[in-house]
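Colleague: turn this into a model:
(one chain, ligands or ions: 1)
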Amino acid sequence: MRITRAGEQPSVRANADWFTGEVWQNPIITAPDPARVGSALVTFLPGARTNWHHHPLGQTLYITQGVGWFQTEGEARIEIRAGDVIFIPPLERHWHGATDKTTMSHIAMHERDGESHVTWQEPVADADYLAQG
Ligand code: MN
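Modeller: Below is the predicted model:
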């Protein structure tokens with residue numbers, strides 16, 4: 001077994017190529033082969049969100065703090081809150097983030113297909129981000 005103690009893994013500022021606004025990631029696990037699971041605790045400051053993207057094997061989000069927004073392409077934006085669990089099927093195009101006024105944190109869980117667990121696409125335009133369901 002291997003234990004990683006609190007504080008051993010620095011928080012990582014999310015890559016601005018794939019996120020809008022200020023987003024911090026606390027790694028939980030990137031399991032070695034033959035396991036595929038990856039997980040991180042992700043915190044979005046108000047206004048921050050992912051780019052549009054999809055996952056080859058899907059993704060589960062467990063909201064741990066705050067209130068955020070989630071949208072699957074072609075559907076209304078929804079509000080997500082601490083305690084909610086969201087499963088996103090493989091290849092479903094979507095984004096997730098904070099609301100414009102509140103922070104949101106979630107634990108993201110996903111499996112990699114080969115080297116990748118995500119395909120990043122373009123930023124979410126303000127008009128889409130702010131659109132009321
Ligand atoms: Mn996702």
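Colleague: could you use CA atoms for every contact and neighbour count after this?
Modeller: Fine.
Colleague: what about the strands in the chain?
Modeller: 12-13, 19-20, 23-30, 37-44, 49-50, 53-54, 59-72, 78-81, 85-88, 94-98, 104-111, 119-120 (DSSP state E).
Colleague: among the ones you listed, which is nearest residue 2?
Modeller: With C-alpha to C-alpha, the closest approach to residue 2 among the strands of the chain belongs to strand 23-30: 11.1 Å.
Colleague: that closest one - contacts with which helices or strands?
Modeller: Applying 3 or more C-alpha pairs under 8 Å, 6 or more residues apart in numbering; DSSP states H and E, one finds that strand 23-30 makes contact with strand 12-13, strand 37-44.
Colleague: please identify the most buried of the ones you listed.
Modeller: Across the helices and strands packed on strand 23-30, the average number of neighbours (mean count of other C-alpha atoms under 10 Å) peaks for strand 37-44, which reaches a mean of 21.
Colleague: so what touches it?
Modeller: 21-31, 97-98, 103-112 (C-alpha atoms under 8 Å, 6 or more residues apart in numbering).
Colleague: many thanks, we can stop here.
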